[in-house]
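1. this one's sequence-less:
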């Protein structure tokens with residue numbers, strides 16, 4: 001095997017690993033910002049996350065093109081074939097596993113952050129509906145009777 005493509009493949013893997021490590025850091029900081037509801041930090045991190053995702057997409061595309069050219073396959077199978085055909089497969093296979101693990105971790109944290117956003121959005125919508133007196137959830141008086149959402153609320157003792 002020509003060592004040029006192997007070296008290119010290794011460099012592409014290292015580049016993707018570096019980008020995913022940065023993305024993992026951003027996603028972790030995004031979780032913290034979401035929990036603290038720091039809007040300016042959330043906006044800054046979202047912009048950085050989108051920039052990193054775009055860069056990651058380009059790196060993945062470059063790796064897949066190389067794999068397609070060398071093995072006829074783009075997926076993990078192609079990466080493992082390319083690595084196993086190399087002169088020193090162990091570091092490449094380790095990098096492939098690390099890349100897969102890191103991508104999975106980033107995906108999980110991003111999903112978790114999405115759930116946090118949805119939860120906060122539902123909370124804000126519910127609070128806004130209460131303030132607008134558009135709450136359709138039944139509440140109960142101190143006598144146990146249902147009170148409609150549009151009834152006047154009393155926050156004192158009746």
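-> Right, received. Where do you want to start? Because the structure is a prediction, the values reported are computed rather than measured.
2. So which elements touch the strand or helix carrying residue 52?
-> Using DSSP states H and E, residue 52 falls within helix 39-71. Applying 3 or more Cβ pairs under 8 Å, 6 or more residues apart in numbering; DSSP states H and E, we find helix 39-71 packed against helix 3-36, helix 76-84. C-beta coordinates here come from the backbone N, C-alpha and C atoms, glycine included.
3. Pull out the buried positions in the longest one.
-> If you call a residue buried by 16 or more other Cβ atoms under 10 Å, then helix 3-36 has these buried ones: 5-6, 9-10, 12-13, 15-17, 19-20, 22-24, 26-27, 29-31, 33-34.
4. ok, now the shortest one?
-> Of the residues in helix 76-84, those scored as buried under the neighbour-count criterion (16+ other Cβ under 10 Å) are 78, 79, 80, 82, 83.
5. With stretch 43-58 instead?
-> Those would be 45, 48, 49, 52, 56, for stretch 43-58 by 16+ other Cβ under 10 Å.
6. Between which two of those is the distance greatest?
-> Using Cβ to Cβ, the two most remote members of those are 45 and 56, lying 15.5 Å apart.
7. Tell me which residue lies nearest the centroid of this structure.
-> Nearest to the geometric centre of the chain sits residue 110, at 2.1 Å (Cα atoms, centre = their mean).
8. helix, strand or coil for residue 87?
-> State at residue 87, reduced to three classes by DSSP: H, G, I helix; E, B strand; the rest coil: coil.
9. That one touches residue 6, doesn't it?
-> Yes: look at residue 87 against residue 6 with Cβ atoms under 8 Å: they come within range, at 6.7 Å.
10. just to revisit the earlier point, doesn't the residue nearest to the centre of the chain belong to a helix?
-> Yes: using three-state DSSP, the assignment for residue 110 is a helix.
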